[in-house]
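In: after the sequence you'll find the predicted model.
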Amino acid sequence: MCLCEKLNKDYVIICLYVDDMLILASNEHVIKSTKKVLTNKFHTKNLGVAEVILKIKISTTSNGLVLFNLIMLRKFSIQFPKGDNSIVKTPININVHMSKNRGKGIN
């Protein structure tokens, strides 16, 4: 359950990239009213429930949404095939702790 639902507040999130748009909202009424406002101002096409946007696969579960970056999954499956679980040395000393920079800033 979303915090907004607990507070009895509606919300809408519009993800826009060039001509691809994804609308997420607290309920179906908010989605429909958002689509109505956008359709009155812009030429839009409703492609239904999103399964993929920007090559990111969207799956719905009982706990919410799960996003899979298909390109990166394929890249990593080729780069790190099954069985490649060899140990790699860390390129830094893990015993050294960083401290806050107390020097003068650059203007």
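Out: Yep, that arrived.

In: and stretch 63-72, end to end?
Out: Stretch 63-72 stretches 24 Å from its first residue to its last (CA to CA, to the nearest Å).

In: what does that stretch contact?
Out: Stretch 63-72 is contacted from outside by Val52, Lys55, Ile56, Lys57, Ile58, Ser59, Thr60, using CB atoms under 8 Å, 6 or more residues apart in numbering. Placement of C-beta: from N, CA and C, glycine included.

In: can I get those residues in a markdown table with pLDDT and secondary structure?
Out: As requested, those are exported to a markdown table (pLDDT from 0 to 100; DSSP: H, G, I helix; E, B strand; the rest coil):
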| residue | pLDDT | secondary structure |
| --- | --- | --- |
| Val52 | 85 | strand |
| Lys55 | 80 | coil |
| Ile56 | 85 | strand |
| Lys57 | 86 | strand |
| Ile58 | 87 | strand |
| Ser59 | 86 | strand |
| Thr60 | 84 | strand |
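
In: output those residues as TSV; include the columns neighbour count.
Out: As requested, the contacts of stretch 63-72 are exported to TSV (neighbours: other CB atoms under 10 Å):
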residue	neighbour count
Val52	10
Lys55	11
Ile56	14
Lys57	14
Ile58	14
Ser59	10
Thr60	11
